[in-house]
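Asker: Okay, predicted coordinates and the sequence, questions at the end:
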Amino acid sequence: MQNDIGREMYDIAERIFPINRSLTGEGVRETLRILKEYLPELEVFEVPSGTPVFDWVVPREWECTDAYIEDMEGNRIIDYRKLNLHVVGYSLPMDEVLEWDRLKELIYTQPDQPEVTPYITSYYEERSGFCMPENLKQQLEEKGGRYHAVIKSRLFNGSLTYGECILPGESEKEIFISTYVCHPSMANNECSGPALAVRLAKWVKERKHKYTYRFVFLPETIGSITYLSGHYRELKKNTLAGFVVSCVGDDRAYSMVESRYGNTLTDRLLRNVLSCIDPGYRHYTYLDRGSDERQYNAPGIDLPVCTFSRSKYGKYPEYHTSADDMRLISSSGFAGSFRVMTRCMEILEKNENYLVRVLCEPMLSKRNLQSTISRKGTYEKVKRLRNFIAYADGTNDLLEIADRIHESAYDLLPIVKELREVGVLGVCEEGNGC
Amino acid sequence: MQNDIGREMYDIAERIFPINRSLTGEGVRETLRILKEYLPELEVFEVPSGTPVFDWVVPREWECTDAYIEDMEGNRIIDYRKLNLHVVGYSLPMDEVLEWDRLKELIYTQPDQPEVTPYITSYYEERSGFCMPENLKQQLEEKGGRYHAVIKSRLFNGSLTYGECILPGESEKEIFISTYVCHPSMANNECSGPALAVRLAKWVKERKHKYTYRFVFLPETIGSITYLSGHYRELKKNTLAGFVVSCVGDDRAYSMVESRYGNTLTDRLLRNVLSCIDPGYRHYTYLDRGSDERQYNAPGIDLPVCTFSRSKYGKYPEYHTSADDMRLISSSGFAGSFRVMTRCMEILEKNENYLVRVLCEPMLSKRNLQSTISRKGTYEKVKRLRNFIAYADGTNDLLEIADRIHESAYDLLPIVKELREVGVLGVCEEGNGC
Amino acid sequence: MQNDIGREMYDIAERIFPINRSLTGEGVRETLRILKEYLPELEVFEVPSGTPVFDWVVPREWECTDAYIEDMEGNRIIDYRKLNLHVVGYSLPMDEVLEWDRLKELIYTQPDQPEVTPYITSYYEERSGFCMPENLKQQLEEKGGRYHAVIKSRLFNGSLTYGECILPGESEKEIFISTYVCHPSMANNECSGPALAVRLAKWVKERKHKYTYRFVFLPETIGSITYLSGHYRELKKNTLAGFVVSCVGDDRAYSMVESRYGNTLTDRLLRNVLSCIDPGYRHYTYLDRGSDERQYNAPGIDLPVCTFSRSKYGKYPEYHTSADDMRLISSSGFAGSFRVMTRCMEILEKNENYLVRVLCEPMLSKRNLQSTISRKGTYEKVKRLRNFIAYADGTNDLLEIADRIHESAYDLLPIVKELREVGVLGVCEEGNGC
C-alpha cells in the first residue's frame, strides 16, 4: 500500500522530469498541467513580467527552443534537446562561430565532479553560457579549433506562473505546503517535491480534515516572493504550520531545516516525527537554509515554516548536476517521505492542549485500561497511559506531552482516542475555563 | 547519637514488620496504634467503604485470618501465618481440594528470582491466589497430585484507615510528609517509611519551628486519593514543600524522584542536599515515579512533592518480594536518611530571600570575619562568605544562592547566622521594600 | 602601527613601574601626574582620611621613605629603596635591634616560590613587617644572630587620591573603564592597566564617538568603594557597559571575568570579541572575581561590569611577587589588549537593534552585493550577508545577531555599514515603530 503510493509519486516525477523548466515559461505551465491531472483543484495563476513584488520585479519570460555546440563538420558536441542542463538558464540567444579560446569563456563545468554537467543559471545579469562535464571541456582544450555555438532563446515580457490548491477544512487555520517547479531535468531536487505535494493533497482530500490545507507550486525565490507579496497577510493570520517540501525522493537520511528561531509548532512537529522514525535524521538550523523557507521566515513575514527533505539540497553529491536523475529517487524513498508528512498532518489535526477531567489519577482498571492484578513488572504496561495523563494538565499540547514523556506523538494518537472515548480526557478551548 | 537515632527507627520498623497489613483492615490499625506510642499526636481516621473519592471508591475491608496449601497428608506446603506474602492481597475465601494442574493456575511466582516469594495483590478484581517461590512451584510441578487450598478471608463493608499528625508552627505554611502503611511484611518498602516519619515528627516537636508540619500515614494510592479528596484545597493553599518517604532504611545510594516538572522548592532542596551528601545519588525524573507522588503531583492537585528514598521502589532486587526483610535495612541506613530529611527541614526553616544591608562589599575585617593581612592565597578563606553576600541581593533564596556558588545550602546556615548577627544581612519580606 | 601603540603603552608602564605606590600617598599622586602628561583631561581628586564611604572609612595616608634590615656590621640584607615590595604595605615605623628568632616573626615569604619576594599588605590592622625570598630567610635562619630592622614610615590623616577622565559624547550613555593605581613595583598587575587605559582614552578622543567615556584610576577596593559612594547613582543611570582593566600587558591567553549573573551587554560583548580573537581564551565566572568588579557588581550597585585581563590576577605564577616585573610584559602583549578593547568600543558604538527595511529577502544582485551567476558553491559567498539580514528583525542587537550566526560582531561592522548605505537596513529606535 505504502509502496503503491510510492510508485504513484515516482510515476508523477518521471512524467515531469524531461520538461524544460525555468523560472518562467512553458515548462512551468506544462508541469502544472500534468500535476492538475492528478489534482484537479490545482489553480494556475500568471503574474505579468515587470510586476513589482517587494524588493524584486517579476522578470521577463525566457524561452529556449534549441541550443548546441557543433564542430565545423556539424557534429554536435553538446545538445540542449538531449540534456537541458547544457544551457545556462536565462541565456541570451547566440549563433556564432568561435575559436575554442574564446568559446571556453562561455563554458561552465563542475571541476571536482568531472563526469557531470552542472546546473547553472544567470537570472539577473544578461549573458549566454553552456554547461558540460569538465572531462569534455578538457578534451576540447586539447583539440582546440573552431566551433559553432547556437542558443535559440528569447526573453520577452510574459508572465511568471504558479499553482495553488486550497482544500478548505472546518477551521480557517491552515497547514501550508510549498514546493517549487522551476528546475529543468533534475529528479530529487525538483520533480520529487511536486510529486509528493500532489499525492499529499490527494490524501488530505480523501479524509475528514479540520484544518484548511494550502499547497503552492511555484518557482523558487522569485515565485515565493511573488506569492507572498499577494498573500502574506492571510498566511500570517492563518498559518498554523508550514513546510517547504524539496528533495524528498531519495532513500538517504531524512532531514529538516529549522525555522528562523527553531521554536515554532512546525519545528516541534518535525523534530518529534523525524527523531521517532529515524534517530539519526539530519537536523539543520536556519543557518543551513537555502530554499523558499528563506522567504517564509523573513523578518516581517514570520511564518512557522520548516523545510522537510531526505538528502537536503546542497548536501548530496548529485545536487544541481546531471547526476540528479531518475535513478537517484525511488518508490520507497517517496513512501518514506509520504509517511513523514502524513504523520505530521495526523498529529496536527489532533494537537490540542489536553486536560484530564478527574482529580488524582483516573482509575484505569474500571475502564479496562489496566490489568487488575498488581505485580512487579506489570506497572510498566500502563506507564505510557499514565505518563500521558500526568502531563495532560491543560498547559501542554500533544507534542509537548510526547516530548516530555519521550514518546512518538504519532503513537500517542490511539491513547488520546481511547481516553477521550472513556470520557477521561478533554480539550482545552477558549471559553471552557482552561 | 546519629546511630542511637538510627537504632530507634530500626526498632520501630522491627515492631511493625510482622503485621498483616493490607489496603484496609486491622493490620493498618494495629500499625498506627504502635506508631502512636512513639507519636501521641498521631490521630487515626476511618473512611467507610463505598465513599466516593474523586474517580475512585473506598473499597471493602479485607480480613484474612489464615491461609495455606497442604498435601493430602496434611503437610503444609505454604502457610500464611509464617509468611503473609503467601496470599494474593484481597483474595476471596476458598477451601478446596484441587488437582495440581488446576491449583497451579492460582499460583504466582517471580520466575527470574526463583528463591523468593513475590508480593502480589488484586485489589480491584475478585480472585483468590497464592504466592510462592518458583523453585517450590517447580517441585510441585514434578510431583503433581492433589492439594488442599484454604484461604480464610472475608471482604465486607468496613473502612479505610489512615493516620495524621499536624505539628503547628508560627506560620500556616506547611511542610508535608507522606508515607504508607499498606504492605505486609516487607522491611524497606514498608516499615522504613513510617519509622522514619515518626522519628522525624519527634525531632520537629523537640525544636522551635516556624512552619507547620503535617505527617500522614496511609495506604498507598487509594489512601492518598482518599486523603486528598478531603484535604487538597488546604494542602494546595499551604504546602511549601512535600515529601513521599519510602524505602529509606537500606544502606545503598540515596535517590529522589522529581515533581511533575522538576522545578519546585522541594526539587531544589533535595537536589542540593543529596548532591552535597552524595554526588553519586540517583536522580529520577517524574517519569520514574510510582508511589503517592503520582497523586500529589496530579494535574489540578499540583503539590510540590518529591519522593525521597535510598534504594527506590522498583529499582532494587528485593523489592516486592520476601527478600525485603529486616536484614535489608539497618540503623546506619536509617541514620543517613534521617540526616537528609533533617537537613532539608533545617534549610527550609531558613530558606529566605536574603538581602545584604550595605552597598558595596561589607568590610569584613572590622567584624572579625576576615584575616587582616592580605597575601596571596588568604583571599580564598573569605571567598565563601563573600560569595554568599554577592548573591544576597533579594532575588535569590538560600538554595538559589547555594546553587549559584556551588555550595551546600546546609553548610551556609552558620554563615547566614553570623551575618545576621553582625547586622549585615536582612530578609526580604512583603512590606520591607524588597 | 599596532606595535607602535604597544610600545607607547610599554613606555608608560615603564615610567610608572618604579614608584612606591600604596592605597594612599605620594606614590599614587606621582603616578597620576605622569598619566596626566599623556591624558591632559585626567582630573585628580582627594578624599580626606576618615570620610565614611558606605560600610568603610577612608584610611589614613601612609608614607614610607626608607626601610631595611642590616646585620650588626651594617650590611643591608634587604633594602626598600632597591625593591619596594620588601616592606609590608601600611607597616608602622620601627627601629630596633632584634634577635633573629624575634625578627623572623615579622618576615613574610612565599615558601612555594622560594626565589621571589611576595607582595603583602596590612591595611586594616596595625603591624610592621618585611618581605623577602624564602631562600634568603633560610640562609638567615642558619646564620642566626642579631639584626637592625628599620622602617621609616608614618600614618597620618591625609587623603585618598584618584583620577577621573570623562570624554563626553553625543549621548549621556556611558562606557566605563576602571583601573587601579595602588600596587608598588609590579608590572602586569599594576602598571599595565593604567597604561592601557590612558592609551585607550587617547584613541577615543581621536575619533568621533557617540557615547560618553569615563575612565577612572583609583586604589583597588577602597578606591572603587569611595568612588561609588559619590557616583553610583549617575553610574547606574548611564552605564551601558563597563570594564575593569587589569593585568593586560603580558603575552599569555586573554581572559574575562563575568558580571554577577553573566548576562549583561558587557558579558556578551567580551565573549564575542574574545572567542573570535582566541577560541581558547579563559572565561571565568563571577565566582573567580577578585578586583573592583566586586564593588561594581555588588547588590544595589549592579553595574554591567566585567574584568578584562590577559593572565588574570591570581592565575599566573608571578602574580603578587617581585617576578611580576617589566620582563613579564611586552609591546605585543599590550597591542593585543588594545585590539580587544578598541574592538569592544567599535562594536558598542554600533550595537543597535537593526531592522531590515524590506519584506522577504532584499535583492542583493541589483545592489552589486551578490554574484549574478548562480552555481553550486557561490551561495556561500553571500551567506553571511543574508544571515545578518535574516536576524535583523528588530529584536536582536548586533551582538545577538553575531552570536546567532556564529560570527565575529566586529567583522559584521562593514556589512552593517554597506547595508545601511544601500538603504536596506534601519535602526530600531523609540518612536520609529520598532
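Answerer: Here it is on my side, so go on.

Asker: Can you pull the phi/psi pair for the closest residue to A:Ser255 other than its chain neighbours?
Answerer: Leaving out its chain neighbours, the residue that sits closest to A:Ser255 by CB to CB, 6 or more residues apart in numbering or on different chains is A:Arg282, at 3.7 Å. Any C-beta I mention is one placed from the backbone N, CA and C, and that applies to glycine too. Here is the backbone geometry of A:Arg282 (degrees, to the nearest 10): phi -90, psi 120.

Asker: hey, what's the nearest residue to A:Gly163 once chain neighbours are set aside bridged with?
Answerer: With sequence-adjacent residues excluded and distances taken as CB to CB, 6+ apart, A:Gly163 is closest to A:Phe217, at 4.0 Å. Beta-bridge partners of A:Phe217, counted by DSSP bridges, are A:Gly163, A:Thr179.

Asker: can you tell me the residue of the stretch 251-400 of chain A closest to chain C?
Answerer: The stretch 251-400 of chain A approaches chain C most closely through A:Pro299 (3.4 Å), counting by CB to the nearest CB.

Asker: On the pLDDT front, check that residue for me.
Answerer: Looking at A:Pro299, its pLDDT reads 97.

Asker: Output the below-cut-off pLDDT ranges for the stretch 301-434 of chain A.
Answerer: Where the stretch 301-434 of chain A drops to pLDDT under 70, the residues are A:370-381, A:433-434.

Asker: ok, 80 please
Answerer: A:368-382, A:430-434 (pLDDT under 80).

Asker: which bits of it sit near chain C?
Answerer: A:Ile301, A:Asp302, A:Gly314, A:Tyr319, A:His320, A:Thr321 (CB under 8 Å from any CB of the partner chain).

Asker: Next, give me the two most distant ones among those.
Answerer: A:Asp302 and A:Thr321 (34.4 Å; CB to CB).

Asker: Which of those two has more residues huddled nearby?
Answerer: A:Thr321 (21 against 18; other CB atoms under 10 Å in any protein chain shown).

Asker: quick one, what contacts the residue of the stretch 251-400 of chain A closest to chain C?
Answerer: C:Leu355, C:Val356, C:Ile389, C:Ala390, C:Tyr391, C:Ala392, C:Asp393, C:Gly394 (CB atoms under 8 Å, 6 or more residues apart in numbering or on different chains).

Asker: can you tell me which of the residues you listed are in strands?
Answerer: C:Leu355, C:Val356, C:Asp393, C:Gly394 (DSSP state E).

Asker: that older thread, do you know how far the residue nearest to A:Ser255 is from B:Trp100?
Answerer: 60 Å (CB to CB, to the nearest Å).

Asker: C-alpha coordinates for stretch A:12-19, PDB please?
Answerer: C-alpha atoms of stretch A:12-19 as PDB (Å, rounded to 0.1, in the frame of the first residue of the first chain):
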ATOM      1  CA  ILE A  12       4.400  11.600 -11.500                       C
ATOM      2  CA  ALA A  13       8.100  12.600 -11.100                       C
ATOM      3  CA  GLU A  14       9.000  10.600 -14.100                       C
ATOM      4  CA  ARG A  15       6.400  12.300 -16.300                       C
ATOM      5  CA  ILE A  16       7.500  15.800 -15.400                       C
ATOM      6  CA  PHE A  17      11.300  15.000 -15.400                       C
ATOM      7  CA  PRO A  18      12.000  15.700 -19.100                       C
ATOM      8  CA  ILE A  19      10.300  19.200 -19.200                       C
END
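
Asker: okay, now the domains of chain A?
Answerer: A:2-59+A:159-349, A:62-156, A:353-427 (automatic domain parsing).

Asker: Show the model's pLDDT score for the residue nearest to the spatial centre of chain A.
Answerer: Residue closest to the average C-alpha location in chain A (CA atoms, centre = their mean): A:Val245, at 1.1 Å. With respect to pLDDT, A:Val245 scores 98.

Asker: so what's it bridging to?
Answerer: Applying DSSP bridges, one finds that A:Val245 bridges with A:Phe308.

Asker: cool, the one 10 residues further on as well?
Answerer: For A:Ser255, the residues forming beta bridges with it (DSSP bridges) are A:Arg282, A:Ser309.

Asker: Strands along the stretch 51-200 of chain A, start to end?
Answerer: A:52-53, A:56-57, A:61-71, A:76-79, A:94-99, A:107-108, A:130-131, A:146-156, A:159-167, A:174-180 (DSSP state E, counting those that start in this stretch).

Asker: can you give me how far the last one is from the chain middle?
Answerer: It stands for strand A:174-180. Strand A:174-180 sits 8 Å away from the centroid of its parent chain (CA atoms, centre = their mean, to the nearest Å).

Asker: likewise the third one?
Answerer: Shown here is strand A:61-71, whose average C-alpha point lies 30 Å from the average C-alpha point of the whole chain (CA atoms, centre = their mean).

Asker: Which strands and helices lie in contact with it?
Answerer: If you count contacts as 3 or more CB pairs under 8 Å, 6 or more residues apart in numbering or on different chains; DSSP states H and E, strand A:61-71 packs onto strand A:76-79, strand A:146-156.

Asker: Looking at those strands, which is nearest to chain B?
Answerer: strand A:146-156 (61.2 Å).

Asker: Any part of the closest one near chain C?
Answerer: No: using CB under 8 Å from any CB, strand A:146-156 never reaches chain C; the gap is at least 14.8 Å.

Asker: what's next to that strand, contact-wise?
Answerer: A:49, A:60-72, A:74, A:77, A:80, A:87, A:90-100, A:103, A:106, A:126, A:128, A:130, A:140.

Asker: Only whichever of those are buried, select them in ChimeraX.
Answerer: Buried members of these, defined by 16 or more other CB atoms under 10 Å in any protein chain shown, are picked up in ChimeraX with:
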select /A:49,60,61,62,63,64,67,68,69,70,77,80,87,90,91,94,98,100,103,106,128,130,140
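
Asker: If you count contacts, what does the longest helix belonging to chain A end up packed against?
Answerer: Assignment by DSSP state H gives helix A:331-349 as the longest helix of chain A. Contact here means 3+ CB pairs under 8 Å, 6+ apart; on that basis helix A:331-349 packs against helix A:2-16, strand A:174-180, helix A:192-205, strand A:239-245, helix A:265-277, strand A:305-309, helix A:409-421.

Asker: Could you say which of these is packed most deeply?
Answerer: Burial of these is given as mean neighbour count (mean count of other CB atoms under 10 Å in any protein chain shown); strand A:305-309 ranks first at a mean of 28.

Asker: Counting by contacts, list what it packs against.
Answerer: Taking 3+ CB pairs under 8 Å, 6+ apart as the contact cut, strand A:305-309 packs with strand A:239-245, strand A:255-257, helix A:265-277, helix A:293-296, helix A:331-349.

Asker: Quick check: beta-bridge partners of the closest residue to A:Glu96 other than its chain neighbours?
Answerer: Here the nearest residue to A:Glu96 in space, its sequence neighbours aside, is A:Ala149; by CB to CB, 6+ apart that works out to 5.6 Å. Note on A:Ala149: beta-bridge partners by DSSP bridges are A:Ile69, A:Glu96.

Asker: burial count for A:Ala149?
Answerer: Number of residues near A:Ala149 (other CB under 10 Å) recorded here: 22.

Asker: and the gap between it and A:Gly89?
Answerer: Relative to A:Gly89, and taking CB to CB, A:Ala149 is found at 17 Å.

Asker: From chain C, how far out is the closest residue to A:Arg81 other than its chain neighbours?
Answerer: Among residues not flanking A:Arg81 along the chain, A:Asp66 sits closest, at 6.4 Å (CB to CB, 6+ apart). Using CB to the nearest CB, to the nearest Å, one gets 22 Å for the distance from A:Asp66 to chain C.

Asker: show me the contacts for A:Asp66.
Answerer: A:Tyr80, A:Arg81, A:Val150, A:Ile151, A:Lys152.

Asker: run the last query once more with 7 Å
Answerer: Neighbouring residues of A:Asp66 by CB atoms under 7 Å, 6 or more residues apart in numbering or on different chains: A:Tyr80, A:Arg81, A:Lys152.
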